[in-house]
Structures are given as structure tokens and as C-alpha cells.
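Q: The sequence isn't on hand, but the structure is:
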């Protein structure tokens, strides 16, 4: 893995496209759309964060993201649906370990766009970017036990279930089991 190339690539976080989506850096203009889904409890049920309580919280989060982009320390794209030009979620690398050529992916999608195959399309594009442009050998997903939709997506995309880590994280004050899925470059076609 070429670490200098990886750092340069991730610092710029290039725009990625699919047939239906554009993946690009999150900006303040995405505040209203992000708040629309980030304020909903069904969206955050299996995530580490609570629903956003107001637009100011969402705007503050996006301003934080902007600072992290400038430092080359944030690797999430905004998911934009071309059909209606709407910001509908995020996807990106939650952790990166270049020494072991692996990264962890995370994603969230507005419920208005669930079950349309859009997150599958976004994840596929990021997998290609990760393996063929970044040079990773292994991608991981950490999915809270009970998140059936995310587990189904992982399996659909070829990720292998490796097991559940019992009481692995305290999430919203409660110990939660976290299931690990992985995909190796040699398995991806």
C-alpha cells in the first residue's frame, strides 16, 4: 500500500458517481436535508449518536465536519440522489489502518430512500474506491446486533459474518453486541 498516495487521495476525498448517486463532501447547504433524517429516532436506533434536536445541532455538526476535511481527518461523503437532487445520507471510512491495509465503513440513509437499492449502490462504489484506488485489502463493517437491514445489505454485497463481540460498546448508556463483517479484495468481483 502506497501510504503517500492514500493520504493524498483521502485528503482530497474525490467526488464519486454511480448511475443514481453523487458522493461528495458534506457542506452547510446540506443542513436541512441532513436534519430531515438525522432527527429521526428510527434512523439513529442502531447508531452511536442520538437524533439531532434542531437545525443548529446539524449545522454545528457539518461545520465540525468542514474543519476535519480541511485537516484531512474526515472521510465521509454525502450521498446525493440525482433524480431529485436531494442529500439523502452519508457513507465513508470510520477508521483507517494503513499498516494493515484495512478500513471500516459506515453509512446512514434517510428512511424516505430505504429499500430502493441506493445504499447498496453507494457501498459498491466506495468498495471499488477502497480496493482499487486506495489499495486496501480488507474492509470491515461493525453492525449493532438487531440491525437486520444493515446485516442483509452486508451479506448481499459479499461481506462475510465473522461473529459478534458481546457487550462490545456502550451505546446510549447500554451495552450492545457488535457484529463484525468483512470483505477481502480477493473476494470482491
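A: Received the coordinates, thanks. All figures in this text were calculated on a predicted structure; none of them were measured in a lab. Numbers count the residues shown, from 1 in each chain.

Q: can you list the residues that contact the lengthiest helix in the chain?
A: If you go by DSSP state H, the chain has its longest helix at helix 55-71. Residues from elsewhere that reach helix 55-71 (C-beta atoms under 8 Å, 6 or more residues apart in numbering): 13, 25-28, 30-32, 34-35, 38-39, 52, 74, 76. From N, CA and C alone the C-beta is placed, and that goes for glycine too.

Q: cool, and stretch 26-38?
A: So stretch 26-38 is in contact with 43-44, 51-52, 54-55, 58-59, 61-63, 65-66, 76-78, 86-90, 108-112, going by C-beta under 8 Å, 6+ apart.

Q: can you rerun that using 7 Å?
A: Applying C-beta atoms under 7 Å, 6 or more residues apart in numbering, the contact partners of stretch 26-38 are 43, 51-52, 55, 58-59, 62-63, 65, 76, 78, 86-87, 89-90, 110-111.

Q: could you flag which of those are buried?
A: Buried members of the contacts of stretch 26-38, scored by 16 or more other C-beta atoms under 10 Å, are 43, 51-52, 58-59, 62, 65, 76, 78, 86-87, 89-90, 110.

Q: so after the lowest-mean-pLDDT helix or strand in the chain, what's the next helix or strand?
A: Across the helices and strands of the chain, mean pLDDT, DSSP states H and E gives its lowest value to helix 3-12, namely a mean of 87. Using DSSP states H and E, the helix or strand that follows helix 3-12 in sequence is strand 16-17.

Q: That next one - which strands sit beside it in the sheet, and in what orientation?
A: Counting by DSSP bridges, the strands paired with strand 16-17 are strand 21-24 (antiparallel).
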